[in-house]
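Novice: build the 3D model from these lines:
(chains A, B, C and D)
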Number of protein chains: 2
Amino acid sequence: MSTMREVAALAGVSAKTVSRVMNDDRYVSDDVRRRVQQAIQELQYVPNTLARTFRSGRDAAIGIAVPDISDPFFATVTQAVERIARARKTAVFVTSLGNDPLDERPGVEALLGRQVAGLISTPISADQSYLKRWQARTAMVFIDRSPTNITADSVVEDDHGGACTATEHLLEHGHRRIGFIGDAVSVATTARRLAGYRAALAGAGIAEDPDLIVLGATTAHEAAAAARHLLGQAQPPTALFSSNARSSIAVVPALQAIGRTDIAFISFGDFPLADALNPTLSVVDQDPNSVGQVAANRLFERMDQPTKRLKRKLVLPVVLVPRASCCS
Amino acid sequence: MSTMREVAALAGVSAKTVSRVMNDDRYVSDDVRRRVQQAIQELQYVPNTLARTFRSGRDAAIGIAVPDISDPFFATVTQAVERIARARKTAVFVTSLGNDPLDERPGVEALLGRQVAGLISTPISADQSYLKRWQARTAMVFIDRSPTNITADSVVEDDHGGACTATEHLLEHGHRRIGFIGDAVSVATTARRLAGYRAALAGAGIAEDPDLIVLGATTAHEAAAAARHLLGQAQPPTALFSSNARSSIAVVPALQAIGRTDIAFISFGDFPLADALNPTLSVVDQDPNSVGQVAANRLFERMDQPTKRLKRKLVLPVVLVPRASCCS
DNA sequence: TCTTCGTATGTCAACGGTGACATACTCCAA
DNA sequence: TTGGAGTATGTCACCGTTGACATACGAAGA
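Specialist: Purely as a prediction, here's the structure:
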């Protein structure tokens, strides 16, 4: 690995001049430029990004931290962010945080400590105040969930509204006992979706039955077990609402296994092949593509104009996509 | 953002001593350690990872570059790598390269230029020689495809064998006209899978019909079109073989749309819900989890013992998972 | 009492670029 | 002929941390 000084020595110029050539500075004569480029070629010189970033104090890259890349929602969000960043020739580094609140901070700070110019992150823990000290340095936008104990941009979906609409839809189809499957209530989105579900029930004057609500189904295995448990009760629900796509993907085979694909089912969160299942699965589409796009655009806006005043919280609408599974 | 010197000044010691405290050096008195820790607390000091990495020349993190994170195969590979890295307290940075060969090098070098200690990458272009100069510095393992013009570790699946087995399976079920849907042949895996398909046909003494082979179906849209095209021919195939999961995910709804779910279909590459479709979809399981695990373990092995001699190419077996779609 | 050793701390330079500033040369208008 | 203005190049310090090395002290052994 050769350095600028070595290139400079070979080309018979100063390191600074090599730096100028690398950065397309106007003030370099054609002759010198040629010699330097030849030396670069000869030594296979590649600039040390780290040194540059270190000196300037700011990397050109941005980072995105999500709970789980293999979750179709976050995969699509990430893809959208990458698309926008690519158009701006900005590198994107993705990191998975997992679902343990304790892993959030080290994961996010691994990104921040490398001086990324911007950060898109998903709050996992119940406290993002540790990010305050980074705000002056790094633009940040939160996605999917609003951050706690810090004022910052966030792009979230209308969880309450979506869950409410879905539940109302099931109510309209005559269902009175609607099961709810969700992961931890400590996850803000889950809490809001549960609230939406409750609001719809309340709106229809139906008393909530705690036996119909299963929370804490974090893994695929747990989600499947939750579905079996709900349907195995003495007074089983006639419809199910799954509060996230990951769970839904596990619930579908579980329903098939017990031969209960007849039950009405709506998933919060669309996913590949939901429309190819039998019956096709009704979903609340969160439009992850828009989430990524809006978040990335906002991030770049903040990076370009740090002082501009903008609305902090962007709530994207979600839309119920009724397919066969809720209208039998 | 405070620096070590500021912490040092507040604690009344030298910067080096703060460095010692940060690195749990043995030779620090309890008194000093306490004072320094208090100063760190007070100033909310967070070390500058970049400066440390720059000085030491090597980041603790590793990088992984894949064509597309939303591809279930690569998502699972990445997840496995992250799991192993997490156990070693190593941060992982993921980056998507896309499918354009020209994007490979900048994407990978963005990672390398930040001095990652190790790299797991997927060859996109037909030439990885540009990575030679990095080899002395950075351990690297290639996944899914073997690299070209460079000697390095790779973890690949048995593409030829898997495609051959799948095709033979279809032949055994009496199919004589088997359609092949794949992306660009410039993608090494596709080329090998096509070769496996051909080998099986040849083994059965069946002449290859070029009309049954559609290549270049890179996007979901193209894959769906390919399926429609194949089945719309005068002499349509009675079975289909899709050479990757991404395509398969697009082909399934296309078959449903034209009411041809009766056709025998095998996908190279399993994906979520393949076993929940109607009919359940037969696949060649590439075991992405093992790919990620093996690649990560090999990478850490290389990082720990750069001189050790190890077998360069690891070919993981794939297994045909026959489900309903090929045995009707 | 004088080494020697282990412990505890400090000094300085260096990692590889680049920003601030200096220098030197050419050209042209006053 | 002089003095800008514009062009082309160089010098030097610095970003924050840490490795190499120096120093200082107390304790233990000769």
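
Novice: where do the helices of chain A begin and end?
Specialist: With helices called from DSSP state H, chain A shows them at A:4-11, A:15-22, A:30-43, A:49-56, A:72-87, A:101-112, A:132-135, A:159-172, A:188-203, A:220-231, A:245-257, A:288-304.

Novice: would you single out the least confident of those helices?
Specialist: Per-segment mean pLDDT for the helices of chain A reaches its minimum on helix A:132-135, at a mean of 91.

Novice: can you tell me the centre-most residue of chain A?
Specialist: A:Phe74 (4.2 Å; C-alpha atoms, centre = their mean).

Novice: quick one: contacts for it?
Specialist: By C-beta atoms under 8 Å, 6 or more residues apart in numbering or on different chains, the contact list for A:Phe74 reads A:Val66, A:Pro67, A:Asp68, A:Thr122, A:Asp144, A:Pro288. For glycine as for every other residue, the C-beta is placed from the backbone atoms N, C-alpha and C.

Novice: mind pulling up the pLDDT for the fifth one?
Specialist: In other words, A:Asp144. In this model, A:Asp144 is scored at 97, pLDDT.

Novice: same thing with the fourth one?
Specialist: A:Thr122 is assigned a predicted lDDT (pLDDT) of 98.

Novice: what parts of chain A come near DNA strand C?
Specialist: By C-beta under 7 Å from any atom of the strand, the residues of chain A that approach DNA strand C are A:1, A:3-5, A:15-16, A:19, A:22-23, A:45, A:47-48, A:51-52, A:54-56.

Novice: follow-up on the earlier one: now distance to B:Tyr197 too, for the helices of chain A, in TSV please.
Specialist: Listed next are those as TSV, based on distance: least, C-beta to C-beta, whole Å:
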stretch	distance to B:Tyr197
helix A:4-11	50
helix A:15-22	48
helix A:30-43	43
helix A:49-56	43
helix A:72-87	29
helix A:101-112	42
helix A:132-135	52
helix A:159-172	44
helix A:188-203	44
helix A:220-231	33
helix A:245-257	30
helix A:288-304	34
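
Novice: quick one, which of those helices gets closest to B:Trp134.
Specialist: Comparison of the helices of chain A against B:Trp134 by C-beta to C-beta identifies helix A:49-56 as nearest, at 12.5 Å.

Novice: just checking the distance from that closest one to the centre of its chain.
Specialist: 28 Å (C-alpha atoms, centre = their mean, to the nearest Å).

Novice: same for that helix, what does it pack against?
Specialist: When contacts are defined as 3 or more C-beta pairs under 8 Å, 6 or more residues apart in numbering or on different chains; DSSP states H and E, helix A:49-56 packs onto helix B:49-56.

Novice: just checking, A:Leu215 touches A:Gly179?
Specialist: No. Here A:Leu215 lies out of contact with A:Gly179, judged by C-beta atoms under 8 Å, at a distance of 11.7 Å.

Novice: more neighbours: which of these two?
Specialist: A:Gly179 (28 against 18; other C-beta atoms under 10 Å in any protein chain shown).

Novice: is chain B within reach of stretch A:214-226?
Specialist: No. Counting by C-beta under 8 Å from any C-beta of the partner chain, chain B is not contacted by stretch A:214-226; separation bottoms out at 9.1 Å.

Novice: okay, buried residues for that stretch please.
Specialist: A:Val214, A:Leu215, A:Ala217, A:Thr218, A:Ala220, A:Glu222, A:Ala223, A:Ala224, A:Ala225, A:Ala226 (16 or more other C-beta atoms under 10 Å in any protein chain shown).

Novice: next one: stretch A:52-62
Specialist: Residues A:Arg52, A:Thr53, A:Phe54, A:Arg58, A:Asp59, A:Ala60, A:Ala61, A:Ile62 are the ones in stretch A:52-62 that count as buried (16+ other C-beta under 10 Å).

Novice: what of stretch A:171-183?
Specialist: Here stretch A:171-183 shows A:Leu171, A:His175, A:Arg177, A:Ile178, A:Gly179, A:Phe180, A:Ile181, A:Gly182, A:Asp183 as buried, counting by 16+ other C-beta under 10 Å.

Novice: show me the contacts for the second one.
Specialist: Taking C-beta under 8 Å, 6+ apart, we find A:His175 in contact with A:Pro237, A:Thr238, A:Ala239, A:Ala264.

Novice: relative to chain B, which of these is nearest.
Specialist: Relative to chain B, the closest of the contacts of A:His175 is A:Ala264; by C-beta to the nearest C-beta it sits at 17.4 Å.

Novice: so what's that closest one closest to, chain neighbours aside?
Specialist: Counting by C-beta to C-beta, 6 or more residues apart in numbering or on different chains, the nearest residue to A:Ala264 once its immediate chain neighbours are dropped is A:Ala239, at 3.7 Å.

Novice: isn't the one you found right up against A:Glu168?
Specialist: No. The criterion here is C-beta under 8 Å, and A:Ala239 misses it with A:Glu168 at 11.8 Å.

Novice: when these two are compared, which one has more neighbours?
Specialist: More crowded of A:Ala239 and A:Glu168, by other C-beta under 10 Å: A:Ala239, with 23 against 18.

Novice: picking that back up, who's the residue nearest to A:Ala264 bridged to?
Specialist: For A:Ala239, the beta-bridge partners are A:Ile178, A:Ala264 (DSSP bridges).

Novice: if I look at it, how far off is A:Cys326?
Specialist: From A:Ala239 across to A:Cys326, the span is 7 Å (C-beta to C-beta, to the nearest Å).

Novice: count the residues that sit near the residue nearest to A:Glu104 when sequence neighbours are not counted.
Specialist: Leaving out its chain neighbours, the residue that sits closest to A:Glu104 by C-beta to C-beta, 6+ apart is A:Ile124, at 4.1 Å. By the criterion of other C-beta under 10 Å, A:Ile124 has 24 neighbours.
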